[in-house]
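Chemist: return a 3D structure for these sequence lines:
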Amino acid sequence: MHFPFAKEQELFIPGPCGQLQALIHQGNENGHFAARVLLAIICHPHPQHGGTMDNKVVTTLMRTYRDLGIHVLRFNFRGIGKSDGEFDNAVGEVDDLRAIIGWSQQQLPYMPLMLAGFSFGSSIAAQASYDVAGLVHLTLVAPPVERYPYDRAGVFSSPLCVIQGDKDERVFAEGVYQWVDKLHSPAELIRYPEASHFFHGYLTNLKSDLTETLLRQVAT
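Modeler: Numbering: from 1, shown residues only. This is a model prediction of the structure:
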């Protein structure tokens with residue numbers, strides 16, 4: 001189906017507090033999932049700790065989906081970059097993502113959705129995942145599961161992939177592993193024994209390993 005935007009295009013999407021700045025990327029026409037016409041929405045890390053949609057983990061996720069032929073939308077939460085509003089402690093940010101999802105479903109109704117998030121953004125993606133009928137997949141990178149809400153009784157509405165480094169200085173890694181073990185949904189864990197929170201030196205591995213996981217978890 002026709003992709004109604006430029007190969008990479010800046011957008012301003014109406015949100016609860018004004019406009020939300022976003023970038024949409026066309027998936028590789030030769031990518032494995034190109035025929036599925038999917039859209040992945042990615043959430044960035046904590047706004048008060050330098051998190052933006054240009055974070056290296058976020059852009060690595062973007063390239064992973066894009067190269068697989070999946071269209072990608074990344075955006076800045078309220079108060080970041082050119083997005084209106086102010087930080088709202090992971091409450092208003094969920095509403096921001098819901099606005100992005102609503103816009104996507106209205107503008108691109110033929111594109112089933114995937115969600116992803118890094119750190120703080122992973123909680124936002126997880127919480128909003130329950131609002132998406134037919135969600136294809138959920139990716140959670142370095143999820144601070146002890147600080148923010150995630151699952152509902154251990155069940156998600158789609159398969160998920162959790163990516164975590166053992167030497168994460170901001171997230172209790174063992175808590176993440178215990179949480180994944182207790183989930184009742186199809187979940188794959190990508191674990192890096194030497195990786196820190198921002199996956200310095202491991203972003204190439206992350207892209208490759210997530211690609212392989214998506215090929216296993218998402219039907220062609």
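Chemist: the most centrally placed residue in the chain bridge partners, please.
Modeler: With distances taken as Cα atoms, centre = their mean, Ala116 lies nearest the centre of the chain, 1.5 Å away. Applying DSSP bridges to Ala116 gives these bridge partners: Ile42, Thr139.
Chemist: any idea how far Ile13 is from it?
Modeler: According to Cβ to Cβ, to the nearest Å, Ala116 and Ile13 sit 18 Å apart. C-beta coordinates here come from the backbone N, C-alpha and C atoms, glycine included.
Chemist: one more: Asp96?
Modeler: Taken as Cβ to Cβ, the span from Asp96 to Ile13 is 9 Å.
Chemist: pretty sure Met111 is touching Val37, no?
Modeler: Yes - if you go by Cβ atoms under 8 Å, Met111 and Val37 touch, sitting 5.5 Å apart.
Chemist: any residues in contact with both of the two?
Modeler: Counting by Cβ atoms under 8 Å, 6 or more residues apart in numbering, the common neighbours of Met111 and Val37 are His71.
Chemist: so between the two, which is more surrounded?
Modeler: Just comparing Met111 and Val37: by other Cβ atoms under 10 Å the higher neighbour count belongs to Met111, 20 against 17.
Chemist: and that one, how far from Ile101?
Modeler: The gap separating Met111 from Ile101 is 11 Å, by Cβ to Cβ.
Chemist: next: Tyr110.
Modeler: Tyr110 is 15 Å from Ile101, by Cβ to Cβ.
Chemist: now do the contacts for Leu215.
Modeler: So Leu215 contacts 32, 68 (Cβ under 8 Å, 6+ apart).
Chemist: swap in 7 Å and give it another go.
Modeler: His32 (Cβ atoms under 7 Å, 6 or more residues apart in numbering).
Chemist: what do you get for Arg66?
Modeler: Contacts for Arg66 (Cβ under 7 Å, 6+ apart) come out as 25, 27-28, 72.
Chemist: dump these to CSV, plus distance to Tyr192.
Modeler: Shown next, in CSV, are the contacts of Arg66 (distance: Cβ to Cβ, whole Å):
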residue, distance to Tyr192
His25, 26
Gly27, 26
Asn28, 26
Val72, 23
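Chemist: what's around Thr64, how many residues?
Modeler: Each residue near Thr64 was counted by other Cβ under 10 Å, and the total is 24.
Chemist: can you read off the pLDDT for it?
Modeler: As predicted, Thr64 sits at a pLDDT of 98.
Chemist: host element of Glu184?
Modeler: That one is not Glu; residue 184 is His. For His184, there is no enclosing helix or strand under DSSP states H and E.
Chemist: distance of it relative to Ile80?
Modeler: Distance from His184 to Ile80, by Cβ to Cβ: 34 Å.
Chemist: among the two, which residue is more densely surrounded?
Modeler: Between His184 and Ile80, Ile80 has the larger neighbour count (other Cβ under 10 Å), namely 23 against 10.
Chemist: shouldn't the more buried one be in contact with Asn55?
Modeler: No - Ile80 lies out of contact with Asn55 (Cβ atoms under 7 Å); the separation is 10.6 Å.
Chemist: what about the strands in this protein?
Modeler: Shown for the chain, the strands assigned by DSSP state E span residues 8-15, 18-25, 39-43, 71-75, 113-118, 137-141, 160-165, 187-192.
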